[in-house]
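**Q** sharing a model prediction with you, sequence too.
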Amino acid sequence: MSIKNVRLEVMQFLEKKIDSFVDEYLIPVEKIWQPSDLLPDSQNENFYEEVRELREIAKDLPYDFWVTLVGDTITEEALPTYESWLMEVEGIDNEGRNGWSQWIRQWTGEENRHGDVLNKYLYLSGRVNMREIEMTTQHLINDGFDIGTGTDPYKNFVYTSFQELATYVSHNRVAQIAKKYGDKKLSKMCKLIAGDEMRHHHAYSEFVTQIFKVDPSEMMLAFQHMMKHKITMPAHFLRESGQKISSAFEQFSDSAQRIGVYTANDYVDIMQKLIDKWEIDKITGLTDEAEKARDFLMKLPARMARISERLVIPQESHIFKWVQPALIK
């Protein structure tokens, strides 16, 4: 049987458990938080006072913080790209509305709230150029992305396991910084978003755990492939208006590193967490090729840590069209 057919068989096997995955890792619409729970209520007569208070508190947040928050928001708002990509994965049948497509749609519904609440916060804050942000978001959706997984479910689940944990780290750190500067509303928003991301991480990493039980060698090779080629962030094609594709991503990453929201050390730490979570050292029944892949994976975090120590992050902030320094006192 071909590798592709085996993957399809494994996905169909796991699909039998999809209802339990939905119940455990996703929250019904009526019970989960919504953006309006966290923002000034436009129907409330105190709306303008609440907005004024939000804007006043927002003035204290530093430049790199705003750049990072904008980049995080744009990343969340490019959700149509991520959903359409996942719907093409082997074993996920949107036309047939199978269990996996149900999962993707409900996961998308939860994720959609993140960009929604952050966008509204940015708009109300008065600290950013919303038109430039909106153009960047449209560019990112237009440009799509290529995360190096193809339609392989094994590689895609490694990617989502890693990426959901990375977004947890990023939103959680933003929440901590916002709290430090006295912005309790923003801190709560990002804390709740981080909680969603961690829950989603647990789901996708559980899918990988289940695959390791039934197809350990191919799952190991898929894990090695993703780590060897490195995890590409979903906003890697980020660009500002009038600029070339991907031209803004490195500067955005530098801002995130400078304020400690997401660093090269975090990347290595997440890699090690996945190795530990999936108990890579204990998996049995591997082919010779998969054994070599395991050896590569076990040594990789230490090697990547040495490389990350040599990284030099520019001290000067890149000036983005999204955030003008003159606005940030």
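**A** Cool, got the structure.
**Q** helices and strands around the helix or strand containing residue 82, which ones?
**A** Using DSSP states H and E, residue 82 falls within helix 79-86. Secondary structure elements in contact with helix 79-86, counted by 3 or more C-beta pairs under 8 Å, 6 or more residues apart in numbering; DSSP states H and E, are helix 99-125, helix 130-143. No exception for glycine: its C-beta is placed from N, CA and C like everyone else's.
**Q** just send those helices back as CSV, with mean pLDDT and distance to residue 23 too.
**A** Converted to CSV, the helices and strands packed on helix 79-86 look like this (pLDDT from 0 to 100; distance: least, C-beta to C-beta, whole Å):
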stretch, mean pLDDT, distance to residue 23
helix 99-125, 97, 11
helix 130-143, 97, 31
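**Q** show me the one of those that comes nearest residue 263.
**A** Closest of those to residue 263 is helix 99-125, at 21.1 Å (criterion: C-beta to C-beta).
**Q** any idea which of the helices and strands packed on helix 79-86 gets closest to residue 318?
**A** Closest to residue 318 of those is helix 130-143 (C-beta to C-beta; 13.7 Å).
**Q** for the nearest residue to residue 272 once chain neighbours are set aside, give its distance to residue 232.
**A** Spatial nearest neighbour of residue 272, chain neighbours left out: residue 301 (4.5 Å); criterion: C-beta to C-beta, 6 or more residues apart in numbering. Distance, residue 301 to residue 232, by C-beta to C-beta, to the nearest Å: 18 Å.
**Q** who has more neighbours out of these two?
**A** Comparing residue 301 with residue 232 by other C-beta atoms under 10 Å, the one with more neighbours is residue 301, at 20 against 17.
**Q** who are the packing partners of the helix or strand harbouring the more buried one?
**A** According to DSSP H and E, residue 301 maps onto helix 288-309. Under the contact definition 3+ C-beta pairs under 8 Å, 6+ apart, helix 288-309 sits against helix 216-228, helix 264-277.
**Q** deepest-packed of those, please.
**A** helix 216-228 (a mean of 21; mean count of other C-beta atoms under 10 Å).
**Q** secondary structure element holding the residue lying closest to residue 235 once chain neighbours are set aside?
**A** Once flanking residues are discounted, residue 235 sits nearest to residue 75: 4.3 Å by C-beta to C-beta, 6+ apart. Residue 75 belongs to helix 63-77 when assigned by DSSP H and E.
**Q** which elements pack onto that helix?
**A** On a contact count with 3+ C-beta pairs under 8 Å, 6+ apart, helix 63-77 meets helix 99-125, helix 130-143, helix 153-180, helix 249-258.
**Q** who wins for proximity to residue 270 among those?
**A** From those, taking C-beta to C-beta, the stretch that ends up closest is helix 153-180, at 5.1 Å.
**Q** and stretch 136-155, end to end?
**A** In stretch 136-155, first residue to last residue: 28 Å (C-alpha to C-alpha, to the nearest Å).
**Q** whoops, stretch 82-93 was the one
**A** End residues of stretch 82-93 are separated by 15 Å (C-alpha to C-alpha).
**Q** off-centre distance for that stretch?
**A** Stretch 82-93 sits 17 Å away from the centroid of its parent chain (C-alpha atoms, centre = their mean, to the nearest Å).
**Q** hmm, who's touching that stretch?
**A** Contact with stretch 82-93 is made by 4, 7-8, 10-12, 15, 94, 98, 100-101, 104-105, 108, 111, 144-145, 147, 149, 151-153, 156, 160, 234, as judged by C-beta atoms under 8 Å, 6 or more residues apart in numbering.
**Q** buried ones in it, by neighbour count?
**A** Across stretch 82-93, burial judged by 16 or more other C-beta atoms under 10 Å covers 82, 83, 85, 86, 87, 89, 90, 91, 92, 93.
**Q** dump the residue contacts of the nearest residue to residue 171 once chain neighbours are set aside.
**A** Spatially, and ignoring its direct neighbours in sequence, residue 171 is nearest to residue 194 (4.0 Å; C-beta to C-beta, 6+ apart). If a contact means C-beta under 8 Å, 6+ apart, then residue 194 has 167, 168, 171, 172, 175 as its contacts.
**Q** looking at those residues, which one is closest to residue 54?
**A** Here the nearest of the contacts of residue 194 to residue 54, counting by C-beta to C-beta, is residue 175; it sits at 15.9 Å.
**Q** returning to that earlier point: the residue nearest to residue 235 and residue 234 touch, don't they?
**A** Yes - checked against C-beta atoms under 8 Å, the pair residue 75 and residue 234 is within contact range at 5.7 Å.
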